[in-house]
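this one's structure only:
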């Protein structure tokens, strides 16, 4: 249901896409994807630090990154179902015994913004 992956983000305006792809893949990254205003670099967990260090040595401004669980597939939610799952996720994240929460839901941005 989930794969453990390293994810790093780089602001689009900070580096040329072709240059980033070349540097990241040469360093051992699996993929470089374009998201809203960002490039997302995907690595195997054991390659995460190596790739991040190589990018930093090349003065690539890595905005953020972590090893996390990435869903293999997602479930689209809308309306009341989306509200319920967001409430449940928030409750789980606030629980003292929970270290992290991974989910595979896909909720439209306007519903996420409204819930915040």
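Nice, thanks for sending it over. Treat the numbers as computed from the prediction; the structure is a model and nothing was measured. Residues are numbered from 1 along each chain as shown.

And the worst-scoring helix or strand of the chain on mean pLDDT, what does it pack against?
Within the chain, no helix or strand scores below helix 109-115, which has a mean of 77 by mean pLDDT, DSSP states H and E. Where contact means 3 or more CB pairs under 8 Å, 6 or more residues apart in numbering; DSSP states H and E, helix 109-115 is packed against helix 79-94. C-beta coordinates here come from the backbone N, C-alpha and C atoms, glycine included.

which residues touch the helix it packs on?
Applying CB atoms under 8 Å, 6 or more residues apart in numbering, the contact partners of helix 79-94 are 77, 98, 101, 103, 105, 107, 108, 111, 112, 115.

before we move on, back to that, got a list of contacts for the least confident helix or strand of the chain?
The contact list for helix 109-115 (CB under 8 Å, 6+ apart) reads 78, 82, 83, 86.

Just give the nearest non-adjacent residue to the first one, would you?
So the one you mean is residue 78. Counting by CB to CB, 6 or more residues apart in numbering, residue 78 lies nearest to residue 108, which is 6.8 Å off, once chain neighbours are set aside.

State the distance from the one you found to residue 83.
Separation of residue 108 from residue 83 (CB to CB, to the nearest Å) stands at 12 Å.
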